[in-house]
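Asks: just the structure for this:
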Amino acid sequence: MLNFSYIITEPKDGDWGLPINDSYDGVVGQLYRREIDIAACDLTIDKGRSQYMEYIYPPIYTESLVVLYMKHDSSSNDSIFLLAGPFQPIVYIVVLLWTCVLPLLLTVVESLALDNRTSIQMEASNVSYTRMIKSNIFTYSWDFLGSLLKQGFCKQPSSTPGKVLVSSWWMMVLVLTSVYSANLIAAFSLRNDIHPFSNLEELLHSDYAIGMIPTGLSYYIIKTSRRSSLLGRLWDRITNTDLALLQANASVHLQRLKRDQYAYLDYRSYADRIMAKDCRLDVLDERITWEHLAFGVQQRSPLKADIERV
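Replies: Residues are numbered from 1 along each chain as shown. The predicted model follows:
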């Protein structure tokens, strides 16, 4: 459409363009020295750079610098306490209380419902009333306890109130076991992730080391920020901890990210690609910088108007 040929070249210093000796290095310096006609790359729009080059509008896209870190799993699937996790302690207390009370209640209901025929059978068998009560309490206690483990009743109630009581108990047990099983499966399947910090201020007060690649405009903005500002304190934290945190190789940062308590500063688009490969990684919702990126041309270049019309 524009009908031109091109030659692709790269800056010798491999940089985008940062201020140096009243000029710029990298791609911005190439445009300023008229070594190239157009920068077909995502240059961050900056007021300082605009004095040495011109941008092609509208911007290509908007990017942000984020904090990438490793989440930690607070749960332990090999812990015996995981079996008690599906319910709150109050649920276990209530169930245990009813398991102790209901055998007594069922015994009382069955005793009050004794008819003459049953009394005659007891006398013929030489079984006292007290002995029958003790036997019923013992039997019903085991029955109610066994029902929690899905075991049936050895002695079925004969009275209507007793049958209603046992039926209600079985329905409650059915609901409890279903909910317990579902929650236990979820506890084994899902991770309970812990986020060590929720914003930059908490990151600065944590034990995490912080690193970034020492290139680009974001690096320059953080480096030149006022020491009392949030970004200035972020820079002090990076440089005062270990200068090795300013590695130019992103793979070094990723290895340390997965191995140590480490936070890595990089652009959101790159962080999204890394998180897609490892679900243990996450980014802070708070952005460090927002940047609009666009192509660039030389100052007063006739290509600017032509390209912006496309």
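
Asks: ranking helices and strands of the protein by mean pLDDT, which lands last?
Replies: Least confident element among the helices and strands of the chain, by mean pLDDT, DSSP states H and E: helix 116-124 (a mean of 51).

Asks: helix or strand next in line after the helix or strand where residue 258 lies, which one?
Replies: Taking DSSP states H and E as the definition, residue 258 sits inside helix 250-259. Remark: after helix 250-259, the chain's next helix or strand is strand 262-267, criterion DSSP H and E.

Asks: quick check: angle from that next one to helix 250-259?
Replies: 140 degrees (axes from the mean of the first three to the mean of the last three CA atoms, to 10 degrees).

Asks: neighbouring strands for strand 262-267, and are they parallel or not?
Replies: According to DSSP bridges, strand 262-267 forms sheet pairs with strand 61-70 (antiparallel), strand 209-212 (parallel).

Asks: quick one, which of those is packed in tightest?
Replies: Highest mean neighbour count of those: strand 209-212, a mean of 22 (counted as mean count of other CB atoms under 10 Å). Just so you know, the C-beta spots here come from the backbone N, C-alpha and C atoms, and that holds for glycine as well.

Asks: ok, residue 135 - how many residues close by?
Replies: 13 (other CB atoms under 10 Å).

Asks: what does residue 233 give?
Replies: With other CB under 10 Å as criterion, residue 233 counts 16.

Asks: start at 167 instead
Replies: From this message on, residue numbering opens at 167, which makes the last subject residue 399.

Asks: which residue is nearest the middle of the protein?
Replies: Centroid-nearest residue in the chain: residue 359, 5.2 Å away (criterion: CA atoms, centre = their mean).

Asks: my guess is it contacts residue 236, does it?
Replies: No - taking contacts as CB atoms under 8 Å, residue 359 lies outside contact range of residue 236: 10.0 Å.

Asks: which neighbours do the two share?
Replies: Listed as contacting both residue 359 and residue 236 by CB atoms under 8 Å, 6 or more residues apart in numbering are residue 448.
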